[in-house]
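K.L.:
requesting a structural model of the entry that follows:
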Amino acid sequence: MKRAMLIAGLFFFLPASPNMAAEGDIAGGQRAFSACAACHSLEPDRNMTGPSLAGVVNRKAGSLPSFSRYSEAMKRSGLVWNDETLNRYLENPAQFIPDNHMTFSGIPDEKVRADIIAFLKQSGTASAVDQKTAQGQTSGMTGMQRGAPKLKIVDASSRVKAISYCRDTFKVTTEDGKSRNFWERNLRFKTDSSDEGPTKDAPAIVAAGMMGDRASVIFSSPEEIGRFIRQQC
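P.N.:
Numbers count the residues shown, from 1 in each chain. Presented below is the predicted three-dimensional model:
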């Protein structure tokens, strides 16, 4: 009897092993995910800079069919995303999978990583409506998602009618008849072929830069860029 009590007492005072760590907090994970929401969606097959993270838990790394920008290192890793592999990847992506395309340096706080993983596990079982709600809440914290409007429905002040180029200056004229000049380094040309991208031959201009002096013109395909820009001095 005394021996049993001694063993029980020793067990009580032993430090917890990693396998005995508390599970992550879903609410805390949703808040922490705001750092990920600029590049990753929680909606199935809605890919951004990185692949959608809907259902990422138990998915083979580099295997989402709708995402085509995986690094060769990621595709060759042979990993399956679970609690252990996600934790190690979130801690230091470059070290865990060298030469992958993830530019994020990692999350040193073990508790924060556990919270994010708990949140991702829940989002994998949530309905599409729940996933959109979760994405909206996390993006609302960063403001990043709100900077990416659905480009098929922008108003006349954001719909590009013509672009001309003279020396180091682009002039962008929009459907409302107004024109604005940009230094050539302050105007970027991009494409978005997704359902949220612009209509064919109707590019949209989106403000960029904290000083309000930069913008991006987004086309539905690369072929449109050359057709739209004309040299005129």
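K.L.:
which of the helices or strands spans the residue nearest to the spatial centre of the chain?
P.N.:
In the chain, the centroid-proximal residue (C-alpha atoms, centre = their mean) is Cys39; its distance is 1.3 Å. Using DSSP states H and E, Cys39 falls within no helix or strand.
K.L.:
count the residues that sit near the nearest residue to it once chain neighbours are set aside.
P.N.:
Using C-beta to C-beta, 6 or more residues apart in numbering and skipping the chain neighbours, the partner closest in space to Cys39 is Thr49 (4.0 Å). Any C-beta I mention is one placed from the backbone N, CA and C, and that applies to glycine too. By other C-beta atoms under 10 Å, the residues close to Thr49 number 12.
K.L.:
what strand or helix carries Thr49?
P.N.:
Per DSSP H and E, there is no helix or strand for Thr49.
K.L.:
again, but for the one 3 residues further on
P.N.:
Counting by DSSP H and E, there is no helix or strand that carries Ser52.
K.L.:
what about the closest residue to it other than its chain neighbours, distance to Ala54?
P.N.:
The shortest distance from Ser52 to any non-neighbouring residue, by C-beta to C-beta, 6+ apart, is to Ser41 (4.9 Å). Using C-beta to C-beta, to the nearest Å, Ser41 is found at 7 Å from Ala54.
K.L.:
still on that earlier bit, and the residue nearest to Cys39, what's its pLDDT?
P.N.:
Reading off the confidence values, Thr49 has pLDDT 88.
K.L.:
domain parsing for the chain?
P.N.:
Domain ranges of the chain: 13-145, 151-231, per automatic domain parsing.
K.L.:
what mean pLDDT does the last one have?
P.N.:
Domain 151-231 carries an average pLDDT of 94.
K.L.:
report the distance from it to the chain centre.
P.N.:
23 Å (C-alpha atoms, centre = their mean, to the nearest Å).
K.L.:
what segments of this structure are helices?
P.N.:
2-13, 26-32, 72-76, 83-91, 93-96, 110-123, 128-142, 223-228 (DSSP state H).
K.L.:
of all those, which has the lowest average per-residue confidence?
P.N.:
Among the helices of the chain, helix 2-13 carries the lowest mean pLDDT (a mean of 43).
K.L.:
re the thing from before, and the residue nearest to the centre of the chain, what does it touch?
P.N.:
Applying C-beta atoms under 8 Å, 6 or more residues apart in numbering to Cys39 gives the contacts 48-50, 104.
K.L.:
if we use 6 Å, what do you get?
P.N.:
Contacts for Cys39 (C-beta atoms under 6 Å, 6 or more residues apart in numbering) come out as 48-50.
K.L.:
with distance to Ile116 added, can I get those in JSON lines?
P.N.:
Shown next, in JSON lines, are those (distance: C-beta to C-beta, whole Å):
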{"residue": "Met48", "distance to Ile116": "17"}
{"residue": "Thr49", "distance to Ile116": "17"}
{"residue": "Gly50", "distance to Ile116": "14"}
